[in-house]
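Engineer: have a look at this prediction, sequence included:
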Amino acid sequence: LGETAGEVRSQLELGELVQAQGAPGTWHSATFSKSYINPVVVFGPATQNDAEPVGIRVRNVTATGFEWQFDEWDYQDGVHAQEQVHYVVAEEGSYVIGGLVWQFGRSAAVNQAAAAQTFAQAFSAVPSVLTQTTSRNGAAAVKSRISGVTATGFSVRLEEEAAADGTHVDETVHYLAIEQGNGRLVTPPYLSFHAAVTAANVTEFLKPQTFARKLAEPFLFADAQTRNDTDPVTLRFANLTPNGADVRLQEETSADVNVTHTAEKIGFLAVSGALDTDEDGLTDAWELANGLNPNNPADALLDPDGDGLNNLAEHTYGTNPNSANGVGTVTVATLAPDAYEKDGANAAFLITRSGGVAPATVSFALTGTASAGDYTLKDDRGNTITTSITFAAGETSRTVFIVPTLDSLDEYPETVALAVSPCAGYTTGSLVG
């Protein structure tokens, strides 16, 4: 009864927004499906379709909705390509939802100084804490940053870009603190969820995070729990599937070009977006539409068309489980043209594919005036690579970083070019970056 009451009283609502921002200063409106008294709104990170660093800013939270925007840092142009973001809203308060404690709260006077926030109800262990700036009293772009999370509270501050003056007027910050673990709502539509805090292992490279249970069409919320590195940073995610997601920290470059970030702990909450009775990652509706059994989790692993994508992958990427998929067309472009040894800046090539979702390995060759000893190749997960990079099922882009070798030699500027090698497994577009 307690869980049912908590779920009903909280008026928990989840939303997904897919939006581009064509002009700076643009605000987008979102409307709740129900009316609230004291709503608390928290966004998750954005995808990374646009390489420019970005956070989310919310204002004008009312009983019926709110306004939001992609909050690029002040040195940027405020124009941003289409991204996917998720939000959660509930009435302020503490609730038992799906067997775990969820606490929705707010701090009304947060600025650049660390301020202690005490939970209205202490947790039995350290929770996962997610925050969101929900006002725009100051015009400068800002991100809420937390640290010192305990079972009784946390510290929160606002961070502007590094080139700013280091001060900011008071803003309101909403937060969701949730007990770590996994559960399932006892009220319709019986959504499953997983909340956790990672080890201190998330850096500027994508880091895979695995969910404790399969979550069909998941919503993702995440926030840094530590401040081991004081450089301003936002979170981005990629490759969200019922099994997990990749997350990374993205620094801004208003004051310097170094984007290396010390490893931080990340707190996250993932929630399924639709009913999945057998928790195999396939929604009941999709299983019924494709002749599968929503009470048989084993059918998620079947591959009726033999293309290397099982039913779970076909569902995740919106493809036909009865029609074989290909790899698609592969292209390469320069993402970051310059690298500097002493400044810690890396050059980068972006390899993308379109028109296919099957797993693939893309080979490439490097040319230019720089010798092999002048740099190391790394992928966007921080792995050292040499002449190829792998696309997982459904993955549409991978990044190859040119990491300069720091030495004592004074050298003239040198060049590196990457050319995708043609292969029978995929077609090629632009081959050279």
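Structural biologist: Received the coordinates, thanks.
Engineer: mind checking which residue lies nearest the centre of the chain?
Structural biologist: The residue lying closest to the centre of the chain (C-alpha atoms, centre = their mean) is residue 237, at 2.3 Å.
Engineer: and it, what does it touch?
Structural biologist: Applying C-beta atoms under 8 Å, 6 or more residues apart in numbering, we find residue 237 in contact with 44, 45, 46, 47, 48, 220, 222, 245, 246, 247, 248. In this view, the C-beta of every residue, glycine as well, is placed from N, C-alpha and C.
Engineer: so is it in a helix, a strand, or just coil?
Structural biologist: In terms of secondary structure, residue 237 is strand; the call rests on DSSP: H, G, I helix; E, B strand; the rest coil.
Engineer: per-residue pLDDT of it, please?
Structural biologist: At residue 237, the pLDDT value in this model is 97.
Engineer: mind checking how far it is from residue 83?
Structural biologist: If you measure residue 237 against residue 83 using C-beta to C-beta, to the nearest Å, the figure is 10 Å.
Engineer: any shared contact partners between those two?
Structural biologist: 46, 47, 48.
Engineer: which of the residues you listed has the most neighbours?
Structural biologist: residue 46 (25 neighbours; other C-beta atoms under 10 Å).
Engineer: apart from its neighbours in sequence, what residue is nearest that one?
Structural biologist: For residue 46, the nearest residue in space outside its immediate sequence neighbours is residue 83; the separation is 4.2 Å by C-beta to C-beta, 6 or more residues apart in numbering.
Engineer: now residue 109
Structural biologist: Closest residue to residue 109 in three dimensions, ignoring its sequence neighbours and counting by C-beta to C-beta, 6+ apart: residue 170, at 4.4 Å.
Engineer: neighbours of that neighbour, how many?
Structural biologist: In terms of burial, residue 170 registers 15 neighbours under the definition other C-beta under 10 Å.
Engineer: same question, the one 4 residues further on
Structural biologist: By the criterion of other C-beta under 10 Å, residue 174 has 25 neighbours.
Engineer: again, but for residue 21
Structural biologist: 21.
Engineer: then residue 126?
Structural biologist: As a measure of burial, residue 126 has 18 neighbours, counting by other C-beta under 10 Å.
Engineer: next one: residue 241
Structural biologist: By the measure other C-beta under 10 Å, the count of residues near residue 241 is 21.
Engineer: give me the spatial nearest neighbour of it, chain neighbours excluded.
Structural biologist: Distances taken as C-beta to C-beta, 6+ apart place residue 316 nearest to residue 241, at 5.0 Å, with adjacent residues excluded.
Engineer: distance check, the one you found against residue 31.
Structural biologist: 28 Å.
Engineer: which one of the two has more residues nearby?
Structural biologist: It is residue 316, of residue 316 and residue 31, that has more neighbours when counted by other C-beta under 10 Å, with 23 against 9.
Engineer: what about the more buried one? Give its phi and psi, please.
Structural biologist: Residue 316 adopts backbone torsions of phi -60, psi -40, taken as degrees, to the nearest 10.
Engineer: thank you kindly, that will do.
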